[in-house]
Each structure stands twice: as structure tokens, then as C-alpha cells.
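Trainee: No sequence on hand, only this structure:
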């Protein structure tokens with residue numbers, strides 16, 4: 001079977017001709033690295049050039065079409081090559097197909113009518129096979145990538161999709177090929193992202209960060225809208241001669257007047273030994289749209305604030321949609337050796353905490369607001385961090401450790417966390433929106449509040465109540481341990497009261513409807529949480545603490561945030577946490593202490609005039625250290641009510 005390589009694709013700004021030059025510069029500067037971050041990766045060929053078994057590669061791009069390609073080329077999920085090849089052969093032999101979304105919208109434009117029928121059928125079949133668990137995530141990505149490359153090879157364009165040729169060649173036949181994949185050993189440590197670069201760099205550390213941002217006002221989302229349409233497969237309405245879909249969410253700020261400010265923010269937040277920036281010398285040369293958005297002065301000033309900078313030049317022919325000939329056009333590499341910063345232990349910790357992300361699950365008693373106080377108390381350079389009673393995952397996701405294990409007795413929480421780990425955020429959001437549409441729940445982000453006869457202050461509860469109860473009823477009837485049930489659960493949490501979680505004695509979810517919906521704040525938390533999660537070596541395990549066996553390392557910390565014995569939160573209803581549970585946990589921690597394992601316990605030692613006698617006696621018996629925490633739980637019953645003179649004393653108890 002024919003194969004294709006990662007560079008068998010036309011792409012504006014491709015660095016295929018610069019790969020050897022980039023490598024020569026790295027060698028000349030004697031840059032040694034074990035991790036390489038291709039931040040604006042495009043087709044991914046720069047990251048691929050340095051991808052071997054000794055190097056951890058990070059790749060990122062705002063376009064979903066590129067992201068899916070990275071899952072194929074850089075992913076480490078095992079694939080059944082024979083199965084994929086068989087499917088490709090079947091796709092290539094298709095004929096006499098019916099009209100579909102793609103042929104109706106794109107027939108005889110960028111492709112012939114027959115090829116469009118074929119493209120639409122293949123893309124729909126790939127999605128159905130994935131949803132039916134016939135192919136895994138990476139196999140889906142490989143097939144979609146094969147389709148995108150096949151389309152690009154025969155497209156009736158000049159190399160991008162801003163327009164198609166009126167009298168172009170539509171006779172070429174669509175033919176998918178198998179991808180020439182590197183050994184799985186090359187990809188074992190790679191990480192793949194589909195995020196805003198400025199946000200992503202706040203959570204990633206790499207030896208080398210390579211930056212190749214858009215240079216001018218030509219948006220890649222405009223140039224590759226059709227491939228993006230096929231990649232996302234949301235079957236959006238298209239408009240205009242070029243048949244473009246809505247692209248607001250994938251516009252790059254590096255193509256606008258705000259590019260210098262975006263670049264400054266990006267560089268300031270990069271954590272790396274070396275920063276390498278590709279940028280041309282167009283300046284004010286050529287047509288207005290071709291002129292560089294960031295000046296040489298801006299680049300040098302911004303990079304120089306980070307460390308020493310050297311500039312290397314490479315003769316290059318610029319892509320140009322017009323007939324203007326650009327003289328002396330060059331690509332430059334700005335190489336910044338990041339200067340040594342004064343390492344102050346406490347300041348470093350504060351900087352890390354400033355970049356924390358918030359769980360999209362508003363689990364009662366969640367520690368997001370207390371991270372500034374809790375995390376600095378944890379030991380440095382942890383080999384293993386165990387987040388017992390992990391709940392919404394606010395602590396585990398924000399802790400730095402070589403390995404993180406989040407444990408919780410609530411299986412529904414763990415299953416949702418594994419959804420976040422398995423699927424990309426775009427796929428999860430798409431699934432949620434389909435459920436929202438199915439139950440006709442509000443979508444204030446798209447439609448505002450007026451459509452639902454509501455205001456922001458009043459909330460959406462009245463509109464959503466009957467629809468939410470129907471969803472809740474269907475969830476409670478859905479068969480156990482199904483992915484569909486997991487997505488229904490996540491939707492319930494988003495639309496439920498204060499985004500909280502509660503089950504009755506029969507195991508049925510029984511939270512009432514809330515005031516909010518899948519708004520911008522929750523979407524942002526969801527995307528940020530999933531992005532950070534995918535940078536971590538993290539596992540989620542459903543277990544009671546009494547049954548969980550810890551394989552300790554030289555530097556292990558077990559953090560426990562149990563239901564509070566003195567509390568009256570939703571998880572303490574129906575006898576959720578008893579005095580015996582409290583005693584069992586304290587015995588468990590004492591055993592860890594005797595085994596030389598560090599622990600940290602969040603708890604309340606006093607609440608509304610009542611003292612946790614069991615906890616107080618245990619602390620005194622073992623002479624453990626007590627750290628007072630200034631707590632504030634706006635969505636729970638722990639916080640001091642207005643006019644209540646009694647106090648709540650939140651503590652972190654440690655054996656170190």
C-alpha cells in the first residue's frame with residue numbers, strides 16, 4: 001500500500017526547506033535538549049524532525065485539523081495497522097454514493113461532485129466507527145489525516161482554500177494512503193495540544209521552545225477552513241463563494257495589530273532553557289496583508305528581556321498571492337539563551353500557584369481557593385503525589401510531581417476525570433452541546449438570556465427545570481458504566497445547583513436544577529483543566545482509602561481531603577461520613593507515618609462552637625504539625641454565616 005510522510009502536504013509558511021538550517025543553528029549554538037516544544041506547529045514537521053526515542057516532543061496548534069494530524073504522527077496509542085489498511089482499501093474502492101453534507105455544499109468547487117460524495121461518506125464512516133468503539137482515538141486520527149492529505153493532494157486550489165479555480169482540474173481521483181508512522185518508542189513521551197499558545201506555555205516546561213507564529217494578517221483559519229470543516233465534522237452552514245464556515249474561535253491574534261502584545265505576553269511566560277523564534281524580514285515590504293505584524297525591534301526587545309539573543313538568516317522565497325516580487329527576502333532564527341534567574345524558593349512556588357487551573361466540577365469543599373496556602377506547605381520535587389478524596393481534582397491537577405494518582409470513592413467522578421484524560425476538549429464540548437440540544441436546555445453563550453425570558457441575576461433555573469428533570473430521569477435510568485451515561489452526568493453537574501454532586505440512598509442523582517448553564521466560565525475552566533491534565537503523568541482510580549495500596553517512592557506525599565466530620569455538606573447526607581470513617585482514616589495516616597511516608601490532611605478542627613475531639617486527640621497523641629488555613633467556601637455550609645459569632649478553624653495537618 002502507498003504511504004505518505006508528514007511533509008507530503010502543502011502548507012503556507014512550511015519550514016520543510018529550513019529544517020537542516022534550524023538543526024545547523026542548534027548544533028552551532030551547542031544546544032542540548034531532551035524536550036522540544038513546537039508551539040505553533042502547523043503540519044508538525046519541525047517537531048517531527050527532532051522526534052526520536054530520546055526526545056520528548058510537544059506539538060500544538062489552534063486548528064483541529066492539525067491537532068488530529070499530531071495525534072496520528074506523534075501519538076503513542078497502539079494501532080492495528082492491518083485494520084486501518086483494510087479500511088483505506090475499502091474507502092478507495094467506493095463508488096455510486098448518495099449525496100451528503102459535503103457533496104451538497106462543496107460539489108464541483110474544490111473537488112468534483114463524485115469526490116465530494118466520497119469525502120463525505122468516508123468522514124461520516126470514520127466518526128461512526130469511532131463512536132461504536134471499532135477504532136480507537138489514534139486510529140480515528142490516522143484515518144482523518146489520511147483523508148485530509150488525500151484531499152489536499154487533488155484540491156482545485158493554488159495551495160490554500162481562500163478560493164478555488166473556476167476552470168480548474170476536477171478529474172483527479174481521491175486516493176487515501178497509509179501514514180508512514182515512526183516507531184512507537186519515538187512517541188512514548190510526546191504531548192499533543194490544541195490550545196491557545198499564550199495560555200499553554202504557562203503550564204509547560206521544555207528545554208527548547210520553537211516559535212513559528214503567523215507573520216501577517218492572513219489567517220490560517222481562512223486558508224484551511226475546508227480542512228478544518230472536515231476535521232471537526234460539525235456540518236456547519238457554509239457561506240460565500242469560498243464556502244467558508246464560522247471561524248471566530250480559531251482566529252489568531254498574531255494576525256492582528258495586537259500581535260506585538262501577544263508576543264510579549266507569550267515570551268514572558270515561557271519556561272525554557274532556549275527560545276528559538278522563526279520570523280521573516282518582510283517588515284513593510286510587499287502588499288499590506290503580507291507585511292509582518294511584529295517588528296524586529298519588538299522581537300529583539302522582548303527576547304532580550306529574557307536572555308542573550310543571536311540572529312541567523314536564511315534566504316527564502318515568500319509565499320505571495322499577488323505578483324509583487326520581494327527582493328532580499330529572508331527567514332530569520334532568533335535564538336535566545338534564557339538568562340539564569342535568581343532562584344528564590346518561596347517566590348518560585350508563588351509563581352507556580354498563580355498559574356493554577358480550576359476544576360469544571362464545583363465539588364463541595366474543593367480546595368481551589370486555598371491552593372495559595374496549601375501547596376507551599378507541600379514538599380518540593382515529589383516523586384509521587386497521591387490525592388486521596390480527590391473530588392473535582394483541584395489539588396492533584398495543580399501539584400508538581402513526577403507521578404500523580406487521584407483517588408476517589410465516587411466512581412462517577414473518576415469516570416468523568418478519565419473522560420477528560422481520554423478525549424480532547426473539543427470532542428467533549430461537542431458531545432455536551434449535542435445533549436444540550438437534545439433536551440432543549442439553555443445555551444446562553446450562543447443565545448444570551450433574552451431568548452429564555454431570563455436575566456443574568458434571575459438565572460436560567462425556571463426555563464431549564466423541566467428539561468433538567470427529564471435529563472436527570474434519563475441519567476438515572478441509563479445503564480451503568482456507559483460512556484453515554486458519563487456525558488449525561490457531566491451535563492447534569494454543569495446545569496445542577498451550584499454545579500454540585502449528590503446521590504440519594506438509592507444511588508440516584510438528586511441535585512435540583514441550578515441558575516447557570518454551559519457558560520463561558522465553565523467552558524474556559526473545562527478547556528484549561530483538560531489542557532493541564534494532558535501535561536501531567538496522572539491516573540484516576542476509583543477506590544475507598546481503606547482498600548487503596550500505595551507503592552511508595554523515596555519522596556511520596558499522600559494528601560487527604562475527606563468529608564468533614566463536623567460539616568453538613570451534600571456529601572455528608574445519608575450518613576456519608578461517620579465517626580468510624582474519621583477514626584479509620586486517622587489510623588490509616590498513622591500507619592503511613594510509621595512507614596516513613598509523608599502525609600498532609602485537610603480538615604476542620606472547630607466548627608460553629610463544636611470541636612472535632614477525635615482529630616484533636618489524634619494530633620496531640622502523635623505530635624503532628626498543624627497549619628491554620630484561612631478558609632472561604634462560598635458554596636458550602638462550612639463558612640461563617642453573616643452575624644454568626646462562632647468560628648470555623650480549617651487546618652492542614654502534616655507529619656513533616
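Mentor: Received, thanks. Source: prediction; values computed, not measured.

Trainee: got the phi/psi numbers for the nearest residue to residue 170 once chain neighbours are set aside?
Mentor: Distances taken as C-beta to C-beta, 6 or more residues apart in numbering place residue 112 nearest to residue 170, at 4.1 Å, with adjacent residues excluded. Where C-beta positions appear, they are placed from N, C-alpha and C, glycine not excepted. When read as degrees, to the nearest 10, the backbone of residue 112 gives phi -70, psi 160.

Trainee: Poorly predicted segments of the stretch 551-656 of the chain, please.
Mentor: Across the stretch 551-656 of the chain, the ranges flagged by pLDDT under 70 are 567-576, 632-647.

Trainee: How about the stretch 351-500 of the chain?
Mentor: For the stretch 351-500 of the chain, the ranges with pLDDT under 70 are 351-355, 363-364.

Trainee: Okay, helices next: where are they in it?
Mentor: Residue ranges of the helices in the stretch 351-500 of the chain, as given by DSSP state H, counting those that start in this stretch, are 371-374, 394-398, 411-422, 425-438, 444-447, 461-477, 483-495.

Trainee: Of those, which is nearest residue 70?
Mentor: When the helices of the stretch 351-500 of the chain are compared by C-beta to C-beta, helix 425-438 sits nearest residue 70, at 13.4 Å.

Trainee: orientation of that closest one relative to helix 411-422 in degrees?
Mentor: Helix 425-438 and helix 411-422 are oriented at 130 degrees to each other (axes from the mean of the first three to the mean of the last three C-alpha atoms, to 10 degrees).

Trainee: quick one: helix 425-438 to chain centroid distance?
Mentor: Counting by C-alpha atoms, centre = their mean, to the nearest Å, helix 425-438 is centred 16 Å from the centre of its parent chain.

Trainee: Show me what it packs onto, helices and strands only.
Mentor: Counting contacts by 3 or more C-beta pairs under 8 Å, 6 or more residues apart in numbering; DSSP states H and E, helix 425-438 is packed against helix 483-495, helix 520-533.

Trainee: Can you list the neighbours in contact with the longest one?
Mentor: Applying C-beta atoms under 8 Å, 6 or more residues apart in numbering, the set of residues contacting helix 520-533 from outside is 193, 195, 199-200, 203, 357-360, 393, 397-398, 420-421, 424-425, 428-429, 445, 494, 499, 516.

Trainee: swap in stretch 459-472?
Mentor: Residues contacting stretch 459-472 (C-beta under 8 Å, 6+ apart): 435, 439-442, 444, 449, 452-454, 488, 491-492, 495-496, 509-511, 513-517.

Trainee: how about the helices in the stretch 1-150 of the chain?
Mentor: 19-28, 45-49, 64-74, 81-92, 101-106, 113-131, 137-154.

Trainee: in the longest one, what counts as buried?
Mentor: When burial is assessed from 16 or more other C-beta atoms under 10 Å, helix 113-131 yields the following buried residues: 114-123, 125-126, 129-130.

Trainee: Against residue 142, how distant is the closest residue to residue 137 other than its chain neighbours?
Mentor: Closest residue to residue 137 apart from its sequence neighbours, by C-beta to C-beta, 6+ apart: residue 77 at 6.1 Å. From residue 77 across to residue 142, the span is 10 Å (C-beta to C-beta, to the nearest Å).

Trainee: the more surrounded of the two?
Mentor: Neighbour tally, residue 77 and residue 142, criterion other C-beta atoms under 10 Å: the higher count belongs to residue 142, 28 against 14.

Trainee: What is the neighbour count of the nearest residue to that one once chain neighbours are set aside?
Mentor: Nearest non-adjacent residue to residue 142, counting by C-beta to C-beta, 6+ apart: residue 72, 4.4 Å away. If you count neighbours by other C-beta under 10 Å, residue 72 ends up with 24.

Trainee: Likewise for residue 180?
Mentor: Counted with other C-beta under 10 Å, the neighbours of residue 180 add up to 12.

Trainee: Would you check how far apart it and residue 7 are?
Mentor: Counting by C-beta to C-beta - residue 180 and residue 7 are separated by 10 Å.

Trainee: just residue 601 next, same as before
Mentor: Taken as C-beta to C-beta, the span from residue 601 to residue 7 is 54 Å.

Trainee: for residue 165, same thing?
Mentor: Between residue 165 and residue 7 the distance is 24 Å, computed by C-beta to C-beta.

Trainee: And for residue 648?
Mentor: Distance, residue 648 to residue 7, by C-beta to C-beta: 61 Å.

Trainee: So for those two, which sits in the more crowded spot?
Mentor: Comparing residue 648 with residue 7 by other C-beta under 10 Å, the one with more neighbours is residue 648, at 22 against 15.

Trainee: Not counting sequence-adjacent ones, nearest residue to that one?
Mentor: residue 607 is the one closest to residue 648 (C-beta to C-beta, 6+ apart), at 4.8 Å.

Trainee: What is the neighbour count of that neighbour?
Mentor: Look at residue 607: counted by other C-beta under 10 Å, it has 21 neighbours.

Trainee: Next: residue 623.
Mentor: Residue 623: 7 surrounding residues under other C-beta under 10 Å.

Trainee: for residue 620, same thing?
Mentor: Neighbourhood size, residue 620 [other C-beta under 10 Å]: 10.

Trainee: Might you report the residue contacts of it?
Mentor: Contacts of residue 620 (C-beta under 8 Å, 6+ apart): none.

Trainee: can you tell me how far it sits from residue 653?
Mentor: 11 Å.

Trainee: again, but for residue 38
Mentor: Here residue 38 is placed at a distance of 44 Å from residue 653 (C-beta to C-beta).

Trainee: That'll do, ta.
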